[in-house]
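Colleague: build the 3D model from these lines:
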Amino acid sequence: MTPGIGHNNGPSLDDGASWRRFAWARSREALLPTLPIEVVRLRVARAKALGLPYRTYAGIRATTGHDIVAFLFSTNALRLLRPTDHLPDDRLARLGSLPPCDRTALVHPPLHPRTVLTLAPLDAAHPAPAPASSWSATRDHLHAVLRDRGHPPDRVVLVGETDGERAWTEAGRLAGFLSGEAYFAPLR
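Modeller: Residues are numbered from 1 along each chain as shown. This is a model prediction of the structure:
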């Protein structure tokens, strides 16, 4: 039965409403996977190796259904803004300690991708999407970068700083977005 005009879509007062809520909650719990402790331990170790808190890693895995295989780093998140800048020690240490995982920079002008590769331990560097690019142009640009690297977008996390870079995550249908401050903060 559909609510009539003026109904505020509040909880049903029909007989059996509490039973239906209880049954729905039990059914939902049954759908959630119960992971063996060995799998949880492996995932905790993988999160630590990637430099991510377990909750962040588990959230990305749960959302995409896949492991993280690569990171895209904006030069803003790396704190490389001019050709004369040096990679800060916290960023150098974290990038250098990543396990086999692709590390690609998205480079903002006035920097050049070749310059960034000399400043940071990265696997590749590409120009960042232009600031005034349309949504589809941004998507196409990111997908071209990821095709070049051989990675599907839903297995790649973007580490950036600005709202514009956060929007790249949505445009490119990437696995997730982390701020540079959050990613490069010491793990607890």
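Colleague: check what pLDDT Ala30 gets.
Modeller: What the model reports as pLDDT for Ala30 is 67.
Colleague: quick check: closest non-adjacent residue to Pro83.
Modeller: Closest residue to Pro83 apart from its sequence neighbours, by C-beta to C-beta, 6 or more residues apart in numbering: Thr115 at 5.5 Å. For the C-beta atoms, the positions are set from N, CA and C on the backbone; glycine is no exception.
Colleague: okay, and that neighbour sits in which element?
Modeller: Using DSSP states H and E, Thr115 falls within helix 113-119.
Colleague: quick check: buried residues in that helix?
Modeller: With burial defined by 16 or more other C-beta atoms under 10 Å, the residues of helix 113-119 counted as buried are Pro113, Thr115, Val116, Leu119.
Colleague: show residues contacting the following helix or strand past that helix.
Modeller: Later in the chain than helix 113-119, the nearest helix or strand by DSSP H and E is strand 124-127. In this structure, residues lying in contact with strand 124-127 by C-beta atoms under 8 Å, 6 or more residues apart in numbering are 102-107, 113-114, 116-117, 145, 148-149.
Colleague: turn those residues into TSV, including pLDDT and distance to Arg20.
Modeller: TSV is the format used below for the contacts of strand 124-127 (pLDDT from 0 to 100; distance: C-beta to C-beta, whole Å):
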residue	pLDDT	distance to Arg20
Asp102	94	47
Arg103	95	50
Thr104	97	49
Ala105	97	52
Leu106	97	49
Val107	97	55
Pro113	96	57
Arg114	95	62
Val116	96	57
Leu117	95	59
Val145	96	48
Asp148	92	51
Arg149	92	48
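Colleague: show me where this protein has its strands.
Modeller: Applying DSSP state E to the chain gives strands spanning 70-74, 102-107, 124-127, 156-160, 176-179.
Colleague: pLDDT value on Asp15, please?
Modeller: Asp15 carries a pLDDT value of 79.
Colleague: with the one 5 residues further on instead?
Modeller: pLDDT, Arg20: 82.
Colleague: again, but for Ser12
Modeller: We note a pLDDT of 63 for Ser12 in this prediction.
Colleague: start at 54, not 1
Modeller: Okay, using 54 as the starting number, the last item reads as Ser65.
Colleague: surely the residue nearest to Pro136 is in contact with Asp138?
Modeller: No - between Thr168 and Asp138 there is no contact, the gap being 9.8 Å when judged by C-beta atoms under 8 Å.
Colleague: which of the contacts of strand 177-180 sit farthest apart?
Modeller: Within the contacts of strand 177-180, Asp155 and Arg167 form the most distant pair, 18.1 Å apart (C-beta to C-beta).
Colleague: still on that earlier bit, how about the strands of the chain, which one is nearest Ala102?
Modeller: Closest among the strands of the chain, using C-beta to C-beta: strand 123-127, at 12.4 Å.
Colleague: which residues touch that closest one?
Modeller: 148, 151, 154-159, 161, 175, 181, 195, 198-199, 202, 204, 208-215, 218, 227, 233.
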